[in-house]
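J.: Fold the following, please.
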Amino acid sequence: MGYVVSQDVLDSDPHFYLGCTDCHSGDSTKATQAEAHKGLVARPSDDPVASCGQCHEETAKTYTLSLHYTAAGMKHGVSPRFDDKGKQLFDTKVFEQSCRSCHASCGDCHVQSPVVSGVNSGLLDGHRFVKKAEDKTCALCHGGRVWPEFTGDYGGTPDVHYRKGMTCSDCHGPVQFHGDGNAYESRKDVPVKPLCADCHDAATMGKASTQETHATHAETVSCSACHTASAYRQCSDCHVGSGATASPAIVLGHSPREEGRLTTLRLIPTVRDTFKPAGIAMPNYDALPNYWDTVPHNVAKRTDRTRDCNTCHEEGLYYLEAERLPKGGSTKNLELVP
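T.: Residues are numbered from 1 along each chain as shown. Next comes the predicted model:
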């Protein structure tokens, strides 16, 4: 049995030179759906090496170790709170069944939108393979916070890069998506990541006073601490099975991962009994703070902090305060208070 495909379609996407069974298996010679679908693989790119790796060998190999595929950041972002027994239970009862279900296969970025909580928005463009479609792919996995902050959909100020027509891949290159062949526990461990300095030379841009300000703060203050335009989501009270609450705020404090640096912080909603429904205790809960350093994707050239030094140096307007820390939160939080 053959298929009629226009030359224009073949030219636009060479994948159409392949038949359905080349990726999905099954038997195209059979007359009934039941027979044709025997052995069908609905999501072939869940095994990148065996599917996409037939043509894209190197990319498929590196991708299986990437954070997008392993979701290791979710595991290692909480595992220090557990004892050995808790780590084993978390891996089997929570991580593999819940967290890792959000990992993206090749097809989740290039053919259809990723499945989040059992829902996706379907094929990106028929069954064409799409190089990028951030509003239908990145936006689904990172739609709880980052994407709507970037676009201003939460009601805040859209990121200046978004307003200039830039999207995710303009800053986050192929190595960040596909990996570099090494396994990392966190995105902070990845050596190649976007830096503001890749495009903006703080030593030469702007007038003399701007250059002086950048030089003064370069080693002790992150770019986002001054250039985050408006409030971003702070999540709290997260319990398995009962959801979470969120409120917008700019929070400045000491970075938990870069000693001596003031930066933007985001509240991470793990409470002491988050995993109680799964039978997992956290005896080492205080090993980690309830805040992580973050780069809110709502950057602006001018903010109230860039216009007036007193916003931070006199008023401490956005500083994390001890009396406003989450009730019953980690004792590590106090180390982040400026």
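
J.: Go ahead and flag the most central residue of this structure.
T.: residue 142 (5.5 Å; CA atoms, centre = their mean).

J.: Can you give me the domain boundaries for the protein?
T.: By the assignment in automatic domain parsing, the chain contains the domains 7-42, 57-194, 196-338.

J.: Make a markdown table out of the ones you listed and add mean pLDDT and distance to residue 48.
T.: Bear in mind the C-beta positions are built from the backbone N, C-alpha and C, glycine included. As requested, these are exported to a markdown table (pLDDT from 0 to 100; distance: least, CB to CB, whole Å):
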| stretch | mean pLDDT | distance to residue 48 |
| --- | --- | --- |
| domain 7-42 | 90 | 12 |
| domain 57-194 | 91 | 4 |
| domain 196-338 | 91 | 27 |
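
J.: To residue 49, which of the ones you listed lies closest?
T.: With CB to CB, the closest approach to residue 49 among these belongs to domain 57-194: 4.9 Å.

J.: and residue 34, how many residues sit next to it?
T.: Using other CB atoms under 10 Å, the number of residues around residue 34 comes to 8.

J.: mind checking which helix or strand it is in?
T.: Element membership for residue 34, per DSSP states H and E: helix 33-36.

J.: now swap in residue 234 and tell me
T.: Counting by DSSP H and E, residue 234 is found in strand 232-239.

J.: cool, and residue 216?
T.: Assigned by DSSP H and E, residue 216 falls in helix 208-217.

J.: contacts for that helix?
T.: Residues from elsewhere that reach helix 208-217, judged by CB atoms under 8 Å, 6 or more residues apart in numbering: 202, 203, 204, 205, 206, 226.

J.: Just the buried residues from those, in ChimeraX please.
T.: In ChimeraX, this line selects whichever of the contacts of helix 208-217 come out buried by 16 or more other CB atoms under 10 Å:
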select :202,226
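
J.: now the contacts of helix 208-217 in a markdown table, with secondary structure?
T.: As requested, the contacts of helix 208-217 are exported to a markdown table (DSSP: H, G, I helix; E, B strand; the rest coil):
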| residue | secondary structure |
| --- | --- |
| 202 | coil |
| 203 | coil |
| 204 | coil |
| 205 | coil |
| 206 | coil |
| 226 | helix |
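
J.: nearest to residue 334, of the contacts of helix 208-217?
T.: Nearest to residue 334 out of these is residue 226 (CB to CB; 24.3 Å).

J.: any idea which residue of the chain is furthest from its center?
T.: Most peripheral residue of the chain (CA atoms, centre = their mean): residue 31, 44.1 Å.

J.: which parts of stretch 30-38 are buried?
T.: Buried, per 16+ other CB under 10 Å, within stretch 30-38: residue 36.

J.: show me the contacts for the nearest residue to residue 250 once chain neighbours are set aside.
T.: Leaving aside its sequence neighbours, residue 250 sits nearest to residue 318 (CB to CB, 6 or more residues apart in numbering; 4.4 Å). By CB under 8 Å, 6+ apart, the contact list for residue 318 reads 249, 250, 251, 252, 305, 311, 312.

J.: got a markdown table for these, with distance to residue 138 too?
T.: Formatted as a markdown table, those follow (distance: CB to CB, whole Å):
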| residue | distance to residue 138 |
| --- | --- |
| 249 | 24 |
| 250 | 23 |
| 251 | 24 |
| 252 | 27 |
| 305 | 28 |
| 311 | 32 |
| 312 | 32 |
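
J.: among the residues you listed, which ones are buried?
T.: Buried members of the contacts of residue 318, scored by 16+ other CB under 10 Å, are 250, 251, 252, 305, 311, 312.

J.: check contacts around the first one.
T.: In other words, residue 250. With contacts defined as CB under 8 Å, 6+ apart, the neighbours of residue 250 are 228, 230, 231, 232, 264, 296, 318.
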